[in-house]
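Asks: can't give you the sequence, but here's the structure:
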């Protein structure tokens, strides 16, 4: 049996890396499973949770285009369990994330062992860069779209670099259907990179264009279905819609902030280490594409990384412009996401270069590899990562441009302990030292969500049994997912307006009437770019009379209000639990 496995691995190294890394990632995804936002949108697409057609949150769900929402809706129809589907999607996110990083390492060094152990090290050492605006995760978070879009984009790039052209081109065509903004960005940078290596790219496209077309057809089919869904929605961008959209980005939103200095103060924001990591990846791409110039697939992969990094830094400059002077589609694109792409590939790229056959024999290379492993014990500090990655880039530049093979830093020897054994030993030590620490275990190993919902919790069941729209606060997230009860607006994630600008007028009307907030009126500086904080409306809600609540209920179809337990409204409580109170708006 062992012999057959070894024989398969030696004859199918690429598939071996994908299978093993995918299994490891899927397992960690399951052990850290949590609710997934895609299932909430799937509820709406499947018709399980129904909203009034003019509801802003309904507009968001219908407008949001991604194949994972359509798959979630189909699974809900077939299985009917939000919990099971969330657990499955959680595993899927871990699987694709691990496959992507492992395949990128494998594309460079062709080592099965280091590719698999390398992605595990990167995960546990948190060598994933630092999200400039939007956080970077592998798994264990409810934010399906950000995790899946980023990992799928990296996987596509890595497959092309690993000479898996058919799978890579299919994924390239499918990418805009998985995550529209990152998918379009990927297609754009791949096209620019192809222009820089046109002779190579032309051969690949000519030989395998059918797979690119197949992936594109899936994207077009998904888009056609989405167009059918949104046919009855109002126009995406009008002058009125744009006014609220711009105001939200300028004063309230946290994901579309300026990358380099703020709106109201002239001060640099270089504490955003992700900008530096992105610049590092550009340097790594420039050097590596020269070092691997004879290996065209790898050189092309690093060209894509280089072009993406340059484009991300330049697109960051666009965020410095006033939002009203930029096309809304660019603002919906969230340029900070592009920086994250170059952040997450940096450590994997450098690890691959350090362990490739070209560099393995160098004594200096071996010593720097040891430094990288030692620093993995302290890699949560971005400053230390900057230093370590800087040393590796210096070495990469030296190897690339060294004028003579007799240079003192290019001395070689046969190492007594191989790179594989060294990596395995340090990874084992990292896990052995940190496994007793509860914080480490909860963050990386085992931290499943509570998965309380209407099927296993009396409080959520009580909410789900009642009729009418539910009014919620910042503290109540994924309520429809847990209760199958529609809500008026999602105050836990009010940035839905940036995905569906046509909901702006209705959204702002609700904010003014119910929450006492006007998007066009800037909040106090301490509340800016923090979404819509509950401190802005808690006092108003507690002072509002029963008659006033009844008037709001009649106007918006709201029958109940869900608040934290320490909020005191002038309404009767219908139920309590999970640190919350469900207030009922009495009818006359």
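Replies: All right, it came through fine. Computed from a predicted model, the values in this text were never measured in an experiment.
Asks: Run a quick neighbour tally on residue 333.
Replies: For residue 333, the count of nearby residues is 20 (other C-beta atoms under 10 Å). In short, each C-beta sits where N, CA and C put it, glycine included.
Asks: Hmm, it is touching residue 179, no?
Replies: No - using C-beta atoms under 8 Å, residue 333 makes no contact with residue 179, being 11.0 Å away.
Asks: In terms of residue numbering, what are the domains of this protein?
Replies: Split into domains by automatic domain parsing, the chain comes to 2-445, 458-584.
Asks: so which of these gets nearest residue 451?
Replies: Closest to residue 451 of those, according to C-beta to C-beta: domain 2-445, at 5.1 Å.
Asks: can you pull the pLDDT of residue 289?
Replies: Note on residue 289: pLDDT of 92.
Asks: Pretty sure it sits against residue 306.
Replies: Yes - between residue 289 and residue 306 there is a contact at 6.5 Å, judged by C-beta under 8 Å.
Asks: element containing residue 490, please.
Replies: Using DSSP states H and E, residue 490 sits within no helix or strand.
Asks: make that residue 561, sorry
Replies: Taking DSSP H and E as the criterion, residue 561 maps to strand 558-564.
Asks: So what are the sheet partners of that strand and their directions?
Replies: strand 469-471 (parallel), strand 580-584 (antiparallel) (DSSP bridges).
Asks: Pull up the per-residue confidence for the residue lying closest to residue 564 once chain neighbours are set aside.
Replies: Closest residue in space to residue 564, ignoring its immediate chain neighbours: residue 475 at 5.2 Å, by C-beta to C-beta, 6 or more residues apart in numbering. Looking at residue 475, its pLDDT reads 90.
Asks: hmm, back to that, switch the domains of the chain over to JSON lines; also include distance to residue 452.
Replies: Listed next are these as JSON lines, based on distance: least, C-beta to C-beta, whole Å:
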{"stretch": "domain 2-445", "distance to residue 452": "9"}
{"stretch": "domain 458-584", "distance to residue 452": "6"}
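Asks: Which of those has the lowest mean pLDDT?
Replies: Across the domains of the chain, the lowest-scoring stretch is domain 2-445, with a mean of 88.
Asks: who touches the residue lying closest to residue 50 once chain neighbours are set aside in this structure?
Replies: Take residue 50 and drop its neighbours on the chain: the residue closest to it by C-beta to C-beta, 6+ apart is residue 486, 6.5 Å away. The contact partners of residue 486, by C-beta atoms under 8 Å, 6 or more residues apart in numbering, come to 49, 50, 51, 55, 57, 58, 469, 470, 480.
Asks: Check those residues for burial and list the buried ones.
Replies: 49, 51, 55, 57, 58, 469, 470, 480 (16 or more other C-beta atoms under 10 Å).
Asks: Residue nearest the middle of the chain, spatially speaking?
Replies: residue 146 (2.1 Å; C-alpha atoms, centre = their mean).
Asks: quick one, what contacts it?
Replies: With C-beta under 8 Å, 6+ apart, residue 146 has these contacts: 134, 135, 137, 337.
Asks: and the nearest residue to the first one once chain neighbours are set aside, how many neighbours?
Replies: Once flanking residues are discounted, residue 134 sits nearest to residue 336: 5.1 Å by C-beta to C-beta, 6+ apart. By other C-beta under 10 Å, the residues close to residue 336 number 23.
Asks: now swap in residue 22 and tell me
Replies: 21.
Asks: Where do the helices of the stretch 451-588 of the chain begin and end?
Replies: Ranges of helices in the stretch 451-588 of the chain, per DSSP state H, counting those that start in this stretch, are 458-465, 479-483, 504-510, 538-543, 546-556.
Asks: ok so, going back, out of the strands paired with strand 558-564, which gets nearest to residue 557?
Replies: Proximity to residue 557 (C-beta to C-beta) singles out strand 469-471 among these, at 4.9 Å.
Asks: what residues does the closest one touch?
Replies: Strand 469-471 has contacts (C-beta under 8 Å, 6+ apart) with 52, 55, 463, 479, 483, 485-488, 514, 556-562.
Asks: if we go to 10 Å?
Replies: Identification of contacts with strand 469-471 by C-beta atoms under 10 Å, 6 or more residues apart in numbering yields 51-52, 55, 57, 463-464, 476, 479-480, 483, 485-489, 491, 510, 514-515, 541, 549, 552-553, 556-563, 582-583, 585.
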